[in-house]
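> build me a model:
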Amino acid sequence: MTDTYVIHNGGCHCGAVGFEVEAPATIVARDCNCSICRMSGYLHLIVPRSRFRLLQGAAELTEYKFNTGTARHLFCSRCGVKSFYVPRSNPDGYSVNVRCLDPSTIEHVEVEPFDDNDRAASDSKIRNLSLE
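Model (predicted):
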């Protein structure tokens with residue numbers, strides 16, 4: 001299935017951080033069961049770096065790293081929301097939290113599991129997606 005790419009706008013809760021991402025109108029989101037994603041309810045939309053643009057709030061971002069230190073978890077220092085970050089599974093791209101996107105450009109969201117307990121297989125699926 002070929003989907004039309006649109007510009008989705010997103011950001012944090014307080015509005016200090018804003019971005020746009022070029023992605024299909026029908027989104028396949030990944031629901032990861034790792035500790036931080038499970039606890040925060042993060043739904044991943046993985047995109048190449050070239051399809052993501054930070055529009056405002058770079059100075060408001062606070063970084064958090066844990067475990068391998070590869071993922072760059074970026075939070076708004078005002079409201080604490082992680083609307084996007086650099087994932088360990090795709091360090092050359094971004095993971096955008098679908099819950100932080102303006103719903104007006106989203107036609108449908110399909111949620112698929114990302115099993116952190118079988119990281120090799122899950123990472124492989126994510127890397128293949130980022131090439132699309």
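> please name the residues that touch Arg99.
41-43 (Cβ atoms under 8 Å, 6 or more residues apart in numbering). Any C-beta I mention is one placed from the backbone N, CA and C, and that applies to glycine too.
> ok, Val96 next?
With Cβ under 8 Å, 6+ apart, Val96 has these contacts: 8, 10, 19, 21, 23, 44-47, 52, 83-84.
> same question, Gly57
11-12, 16-18, 76.
> recalculate using a threshold of 7 Å.
Listed by Cβ atoms under 7 Å, 6 or more residues apart in numbering, the contact partners of Gly57 are 16-18, 76.
> want to throw those into JSON lines with pLDDT, distance to Tyr64 and neighbour count?
Listed next are those as JSON lines, based on pLDDT from 0 to 100; distance: Cβ to Cβ, whole Å; neighbours: other Cβ atoms under 10 Å:
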{"residue": "Ala16", "pLDDT": "98", "distance to Tyr64": "17", "neighbour count": "17"}
{"residue": "Val17", "pLDDT": "98", "distance to Tyr64": "15", "neighbour count": "28"}
{"residue": "Gly18", "pLDDT": "98", "distance to Tyr64": "20", "neighbour count": "15"}
{"residue": "Cys76", "pLDDT": "98", "distance to Tyr64": "12", "neighbour count": "20"}
